[in-house]
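Trainee: What follows is a predicted protein model with its sequence.
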Amino acid sequence: MFRVSNFVVGLANTLVMLVGVSAIGYSIYMFVHQDVTDCESAIRAPLLTTGIVLFLVSLIGVIGSCFKENLAMVSYLIILFAGIAALMVFSVFLFFVTNKGAGHVVSGRGYREYRTVDFSTWLNSFVGGKRWVGIRSCLAEASVCDDLSDGRVSQIADAFYHKNLSPIQSGCCKPPSDCNFTFKNATFLDTAGQKQNGVKKKKKNQ
């Protein structure tokens with residue numbers, strides 16, 4: 001039974017080690033080649049760090065399980081426990097920083113609407129400024145907004161408004177409903193709707 005458990009631990013860590021090596025190799029490839037996209041350039045450093053950590057931890061696990069090194073096995077278990085605890089803390093942190101931006105229910109809409117002013121201070125500062133340029137570029141590269149213009153739904157206002165949009169699509173691919181733009185299709189909304197709803201620009205007093 002002990003040998004079987006050691007074999008399972010060794011095999012699992014070998015697979016994780018291969019994943020780590022693949023992550024390291026791909027991140028090095030992105031560092032060497034300068035023609036990478038904005039999304040790839042944003043993840044190459046975190047990917048390299050993750051790959052190195054996975055490789056080292058899994059290497060310790062392989063040494064401890066296959067060569068019966070008690071010190072290596074104890075170190076592996078401590079690192080594994082610390083990693084699980086860190087993931088739990090990180091999950092709780094993400095819950096608190098994203099909970100305020102859960103979105104608003106809008107009457108007559110099949111989706112929620114999201115605004116950065118509702119975000120926590122930390123999240124608002126994280127996605128704002130220079131980072132937003134990279135995030136916007138990644139959204140364009142990933143064609144996140146392309147699904148809005150899929151066939152008949154994109155041409156009919158009522159069908160589009162009852163579509164189940166993802167938080168990213170609702171928050172980044174269209175203006176808020178309060179803008180009162182006139183719907184033309186999923187990717188084009190006319191500002192004439194503001195005038196029809198009595199929204200007028202006031203001239204500044206000189």
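Mentor: Received, thanks.

Trainee: Can you tell me how far Ser143 is from Cys39?
Mentor: 12 Å (CB to CB, to the nearest Å). Using the backbone N, CA and C atoms, a C-beta is placed for each residue, glycine as well.

Trainee: Quickly list what's touching both of the two.
Mentor: Here Ser143 and Cys39 share no contacting residue, scored by CB atoms under 8 Å, 6 or more residues apart in numbering.

Trainee: any weak-confidence spans in this protein?
Mentor: 1-4, 100-102, 149-155, 192-206 (pLDDT under 70).

Trainee: change it to 50
Mentor: Within the chain, the stretches with pLDDT under 50 are 152-153, 195-206.

Trainee: Looking at Ser143 and Cys39, which is more packed in?
Mentor: Cys39 (16 against 8; other CB atoms under 10 Å).

Trainee: buried residues in whichever strand or helix holds the more buried one?
Mentor: Following DSSP states H and E, one finds Cys39 within helix 38-66. For helix 38-66, a neighbour-count test (16 or more other CB atoms under 10 Å) marks 39-40, 42, 44, 47-48, 50-51, 54-55, 57-66 as buried.

Trainee: The chain: strands as residue ranges?
Mentor: Assigned by DSSP state E, the chain shows strands spanning 104-105, 112-113, 182-185, 188-190.

Trainee: Output these as a markdown table; include the columns mean neighbour count and distance to Ser22.
Mentor: What follows is the strands of the chain, written out as a markdown table (neighbours: other CB atoms under 10 Å; distance: least, CB to CB, whole Å):
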| stretch | mean neighbour count | distance to Ser22 |
| --- | --- | --- |
| strand 104-105 | 12 | 41 |
| strand 112-113 | 16 | 37 |
| strand 182-185 | 14 | 42 |
| strand 188-190 | 13 | 42 |
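
Trainee: Any idea which of those strands gets closest to Gly171?
Mentor: strand 112-113 (7.1 Å; CB to CB).

Trainee: Partner strands of the closest one, with direction?
Mentor: Next to strand 112-113 in the sheet, as set by DSSP bridges, lie strand 104-105 (antiparallel).

Trainee: Work out the gap between the partner strand and the centre of the chain.
Mentor: Counting by CA atoms, centre = their mean, to the nearest Å, strand 104-105 is centred 21 Å from the centre of its parent chain.

Trainee: try stretch 135-148
Mentor: Here the centre of mass of C-alpha atoms in stretch 135-148, compared against the chain's by CA atoms, centre = their mean, lies 12 Å away.
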